[in-house]
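Participant: Just to be clear, the model below is a prediction. Sequence and coordinates:
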Amino acid sequence: MDPLVKLRGLDGTRRADIRPGISVMVELVEDKRTGKLTGGRVQEVLTSSPNHPHGIKVKLENGQVGRIKQIIQK
């Protein structure tokens with residue numbers, strides 16, 4: 001991961017930074033082993049805790065579920 005992404009708070013580990021409609025890059029559940037990232041817009045935030053070290057889990061508008069690895073647009 002680009003160190004600037006984490007420094008700028010765009011790594012998707014804080015629930016307070018996430019809301020429906022923002023553009024993100026997620027690691028889908030089925031791509032967990034490969035690390036492949038998929039882009040999309042957040043439909044629903046699934047993680048209930050205020051932060052998660054591996055990224056906040058979200059459901060994208062296309063129905064896919066994954067953990068945010070990068071916030072593209074706030």
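Facilitator: Perfect, thanks for sending it.
Participant: what about the helices in this protein?
Facilitator: Here the chain has its helices, by DSSP state H, at 3-7.
Participant: got any ranges where it has weak pLDDT?
Facilitator: Across the chain, the ranges flagged by pLDDT under 70 are 1-9, 74.
Participant: one more time with 90, if that's ok
Facilitator: For the chain, the stretches with pLDDT under 90 are 1-11, 29, 32, 35, 73-74.
Participant: what about Gly55, distance to Thr34?
Facilitator: Distance of Gly55 to Thr34, given as Cβ to Cβ, to the nearest Å: 15 Å. For every residue, glycine as well, the C-beta is placed using N, CA and C.
Participant: How about Gly40?
Facilitator: Distance of Gly40 to Thr34, computed by Cβ to Cβ: 17 Å.
Participant: just Ile68 next, same as before
Facilitator: Noted for Ile68: a distance of 17 Å to Thr34, by Cβ to Cβ.
Participant: Equivalent analysis for Ser23, please.
Facilitator: 22 Å.
Participant: So those two - more neighbours on which side?
Facilitator: Shown here are Ser23 and Thr34; by other Cβ atoms under 10 Å, Ser23 has more neighbours (13 against 9).
Participant: The more buried one touches Gly39, doesn't it?
Facilitator: Yes. Between Ser23 and Gly39 there is a contact under Cβ atoms under 8 Å: 7.0 Å.
Participant: shared neighbours, the two?
Facilitator: Ile72 (Cβ atoms under 8 Å, 6 or more residues apart in numbering).
Participant: Now Leu60: closest residue in space that isn't a chain neighbour?
Facilitator: Ranked by Cβ to Cβ, 6 or more residues apart in numbering and with sequence neighbours excluded, the top spatial neighbour of Leu60 is Gly40, at 3.6 Å.
Participant: give me the beta-bridge partners of the one you found?
Facilitator: Assessed by DSSP bridges, Gly40 has beta-bridge partners Val24.
Participant: How many neighbouring residues does it have?
Facilitator: The number of residues packed near Gly40 is 20, by other Cβ under 10 Å.
Participant: Same question for Ser49.
Facilitator: Neighbour count of Ser49, defined by other Cβ under 10 Å: 8.
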